[in-house]
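1. Just to be clear, the model below is a prediction. Sequence and coordinates:
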Amino acid sequence: MKKRILIINNNMHIGGVQKALVNLLKETVGDFDITLFLFYPFGKLMSEIPDDVKIISPGSPYKYIGMLNYDVKGNPFAYFLRSFWALMTRIFGRTKVLKFASKFQKNLEGYDVAVSYLHNGAEKAFYGGCNDFVIHNVKADKKISLLHCDYNECGANTENNAKMYSEFDIIAACSEGCRNSFVAALPAFSEKTKVLYNCHDYNALSKLAADGNVTLSNNCLNILTVARFGREKGILRALHVISRLSEEQKNKIKYYIIGDGIQMPDALAFIKDKRLEDTVFCLGEMSNPYGYIKAADLLLISSYSEAAPLVIGEAAYFSTPILSTKTSSAVEMIEKTGCGWVVDNDEESLHKKLCELIDSPEVIKNKRNSLNVVFNNELAMKQFKSLIE
């Protein structure tokens, strides 16, 4: 009989964690009996979940932690309840609030393995909850918690989170760098902390890029960022660099940003204030950004902290070179694979390297032509099956 696996996640809105989850489901659905428990079973990626995956959701307050702000717009009742639980979290902390919420949730039983797919963040942040759900509301022979963050940099290193991780059989980080960060904070969990690389749907990438065919100018350096407009992504910092470059290197760059988020209004205001409308283009959230990823000359990752962004593997697949600030997995995923360059995590280092690349376009061309990486999910699947079995 196939092993029965229960995977818990918050929602299926467009995001790195959700994309990685979809890719994992596509790779594993034939080998296991998988049930996906979503706090909020909506989002643009719902349509990509394989038909054989059973989808269930809560009738308890857990559903509100799976919602984003725009999910409750136009629904005063849902807006009030989400706001209430968010306020309670800010006052009492997520651990206490979700332990109380668990009393309204029927326990799930009969699974061989339960996987919490989303890590918790800071204690007062209304985010995560998958670890809490697996501990309080699931009975399974084995419990696994996945880690998609730099544990020391995202506010997750709390006493309550440490206590919760002690109740899991396995903790699986999405890269060696993320594992190292976690173990540095919680060395007692070193032996049970493993690595599980994210999967990619390589078969779909070429088709999606063709469907979203994009042609960019040949007369300048086309730089692309694909990320949420959150503080940790450093997009406002990148805009400061681009503003300086637009004055120093007139008409030599175009900067495209794909994504949405809380800092987008600040970014748009900065673009208008600096009169960058002909240089910077905020394209919003896209379900298919691959035409731009393929067409861009350079993918820019300006993050203050990162885990293992899927967009690195996606850019590498299209031979698009990458420039990234130094974060937990950047050297491992970019420098060591030859996919691009990693600089110190500050504005000046980004500015200096971009100046070099603008002045030497042949360096980018050579990097694109020399990339030699094997693209498959064999190692990730070997790791996953090892965790499960």
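-> All right, it came through fine.

2. what sits against V53?
-> When contacts are counted by CB atoms under 8 Å, 6 or more residues apart in numbering, V53 touches L25, V29, I34, T35, L36. For every residue, glycine as well, the C-beta is placed using N, CA and C.

3. And stretch 164-171, how far out from the chain middle?
-> 22 Å (CA atoms, centre = their mean, to the nearest Å).

4. tell me which residues of it are tucked away?
-> Neighbour counts using 16 or more other CB atoms under 10 Å place M164, Y165, F168, I170, I171 of stretch 164-171 among the buried residues.

5. And for the longest helix that the chain contains, what's in contact with it?
-> Ranked by residue count and defined by DSSP state H, the top helix of the chain is helix 76-92. The contact list for helix 76-92 (CB under 8 Å, 6+ apart) reads P61, Y64, I65, M67, D71, V72, K73, V97, A101, K124, A125, F126.

6. SS state for the last one?
-> Spelled out, it's F126. coil (DSSP: H, G, I helix; E, B strand; the rest coil).

7. Tell me if I'm right that it and L98 touch.
-> No - at 10.1 Å, F126 does not count as touching L98 under the criterion of CB atoms under 8 Å.

8. Neighbour count: the two, which is higher?
-> Higher neighbour count among F126 and L98: L98, with 27 against 20, using other CB atoms under 10 Å.

9. Shouldn't that one be within a strand?
-> No - read with three-state DSSP, L98 is helix and lies in no strand.

10. Tell me how far I170 lies from A307.
-> As for I170, its distance to A307 is 18 Å (criterion: CB to CB, to the nearest Å).

11. same check, this time on E248
-> 33 Å.

12. Same question for N137.
-> For N137, the distance to A307 - CB to CB - is 26 Å.

13. between these two, which one's more packed in?
-> A307 (27 against 23).

14. Now for the more buried one: which residues touch it?
-> Neighbours of A307 in contact, by CB under 8 Å, 6+ apart: G16, L147, H148, C149, D150, C174, S175, C178, S328, S329.

15. ok, now which ones touch the fourth one?
-> C149 makes contact with H119, G121, A156, C178, S305, A307 under the criterion CB under 8 Å, 6+ apart.

16. For the nearest residue to the second one once chain neighbours are set aside, grab the count of nearby residues.
-> Going back to what we said before, that points to G121. Leaving aside its sequence neighbours, G121 sits nearest to Y127 (CB to CB, 6 or more residues apart in numbering; 4.7 Å). Neighbours of Y127 under the rule other CB under 10 Å: 18.
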